[in-house]
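> for reference, the sequence and a predicted model appear below.
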Amino acid sequence: MTPEPARNTDYLAAVGAVLVAILIVYWGVLYELVRAWYTDDNYSHGFFIVPLAAYFAWERRDQFASKPVKSSAFGLVVVAVSLLMLIGGTLGAELFLSRVSVIGVITGSILYMFGWQRLKVLFFPLAFLLLMIPLPAIIFNKIAFPLQLLASNVGEYTISTLDIPILREGNVLILANAQLEVAEACSGIRSLVSLFTLGLVFGYFVDRRAWVRGVIAVSSIPVAILANGLRVASAGVAAHNFGPAGAEGLFHEFSGWAVFVVAFLMMMVFQRLLQRFVPAPVLQQPETTTV
């Protein structure tokens, strides 16, 4: 029988070898992924995803170690399919497939070396890694344009309730002395992706119930849409009072940060309401008997 310390050393060596192999094979893909985080503001949160996923995995280390090791050959199938995705994505210049295949190889390797039970423990950290991958352009554009229209609608309604004359044509808001276009960058998809990620992390730390965590994360979607619509409305009010220049420059940059903070506060209020009306069950401590 192999001593436990020696077996653990073998597992660590195997994991190290797999990680080195992944770095070698995916170096170009990972480099371009990091460059996308740096150059695309919509995915700048990607820098935080890997450290957070590593923390979530580390937090499960005792639970992971408590599960039996039952190697599954299906893990090799997952690795093979993932490598085919890498080849297909590289030949077809489809970065999304190439990037997803990284997570596929990691998942397949864990399944092959440790089995289904240990893979299940790491399901959330692995799924969380998907948030670091930018969406394909075709999907991004299909999401961005409806968000532009939603932000325009919310902005128009809010401005009109303030008795400011306004006319909307698609994603263009026409005021008496200014005309604002809700561009793709102002569609709110940036805050939507970032807030959804923040909602997942926030829910993870404030409540242990899976369904509450999911509800908090999903709540970030309407919150982001509403907050971005209010940002558009504030730009319209500024343009009405100070002309087109009032909605540009420093105000435009500051409003982006302010809206993100307001949206996060709205999520916190929602979480507090959930906690108040649907409190988590209190775990009773076992009674101790003094002898």
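Perfect, thanks for sending it.

> okay, CA-based contacts and neighbour counts for the rest of this
Fine.

> how about the strands in the stretch 51-200 of the chain?
With DSSP state E, counting those that start in this stretch as the criterion, the stretch 51-200 of the chain has strands at 167-169, 172-174, 179-181.

> so which of those is the most surrounded?
Counting by mean count of other Cα atoms under 10 Å, strand 172-174 has the highest mean neighbour count of these, with a mean of 19.

> Leu126 - how many residues pack around it?
Around Leu126 there are 21 other residues, counting by other Cα atoms under 10 Å.

> over to Ala224?
For Ala224, the neighbour count with other Cα under 10 Å is 28.

> who's in contact with it?
The contact partners of Ala224, taken as Cα atoms under 8 Å, 6 or more residues apart in numbering, are Gly188, Ser191, Leu192, Leu195, Phe260, Ala263.

> for the nearest residue to the second one once chain neighbours are set aside, give me the pLDDT.
Pointing back at Ser191 there. Setting aside the residues directly before and after it, Ser191 is nearest to Ala224 in space (Cα to Cα, 6 or more residues apart in numbering), at 6.2 Å. Reported pLDDT at Ala224 in the predicted model: 82.

> which of the helices or strands spans Ala224?
helix 210-242 (DSSP states H and E).

> list the buried residues for that helix?
Neighbour-count burial for helix 210-242, counted by 16 or more other Cα atoms under 10 Å, picks out 212-213, 215-217, 219-221, 223-240.

> what's the answer for stretch 112-120, then?
If you call a residue buried by 16+ other Cα under 10 Å, then stretch 112-120 has these buried ones: Tyr112, Met113, Phe114, Gly115, Trp116, Gln117, Arg118, Leu119.

> ok, of these, which one's closest to Gly203?
Leu119 (22.4 Å; Cα to Cα).

> surely the closest one is in contact with Ile110?
Yes: look at Leu119 against Ile110 with Cα atoms under 8 Å: they come within range, at 6.3 Å.

> find the residues that touch each one of these two.
The contact lists of Leu119 and Ile110 share no entry, where a contact means Cα under 8 Å, 6+ apart.

> re the thing from before, mind checking which of the buried residues of stretch 112-120 land in helices?
Among the buried residues of stretch 112-120, DSSP state H puts Tyr112, Met113, Phe114, Trp116, Gln117, Arg118, Leu119 in helices.

> the spatially most central residue of the chain and Met113: what is the separation?
Residue closest to the mean C-alpha point of the chain, counted by Cα atoms, centre = their mean, is Thr197 at 3.2 Å. Distance, Thr197 to Met113, using Cα to Cα, to the nearest Å: 30 Å.

> could you list the buried residues of stretch 54-65?
Phe56, Ala57, Phe64.

> and the contacts of it?
Arg118, Val121, Leu122, Phe124, Pro125.

> where exactly do the helices run in the stretch 1-150 of the chain?
4-25, 27-39, 46-59, 61-66, 74-91, 95-114, 116-121, 123-128, 137-161 (DSSP state H, counting those that start in this stretch).

> can I get those helices in JSON lines with distance to Pro279 and mean pLDDT?
Putting these into JSON lines (distance: least, Cα to Cα, whole Å; pLDDT from 0 to 100) gives the following:
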{"stretch": "helix 4-25", "distance to Pro279": "41", "mean pLDDT": "79"}
{"stretch": "helix 27-39", "distance to Pro279": "38", "mean pLDDT": "91"}
{"stretch": "helix 46-59", "distance to Pro279": "24", "mean pLDDT": "93"}
{"stretch": "helix 61-66", "distance to Pro279": "26", "mean pLDDT": "92"}
{"stretch": "helix 74-91", "distance to Pro279": "40", "mean pLDDT": "88"}
{"stretch": "helix 95-114", "distance to Pro279": "35", "mean pLDDT": "92"}
{"stretch": "helix 116-121", "distance to Pro279": "26", "mean pLDDT": "94"}
{"stretch": "helix 123-128", "distance to Pro279": "24", "mean pLDDT": "94"}
{"stretch": "helix 137-161", "distance to Pro279": "33", "mean pLDDT": "82"}
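
> Leu135 contacts Leu97, doesn't it?
No: taking contacts as Cα under 8 Å, Leu135 lies outside contact range of Leu97: 10.1 Å.
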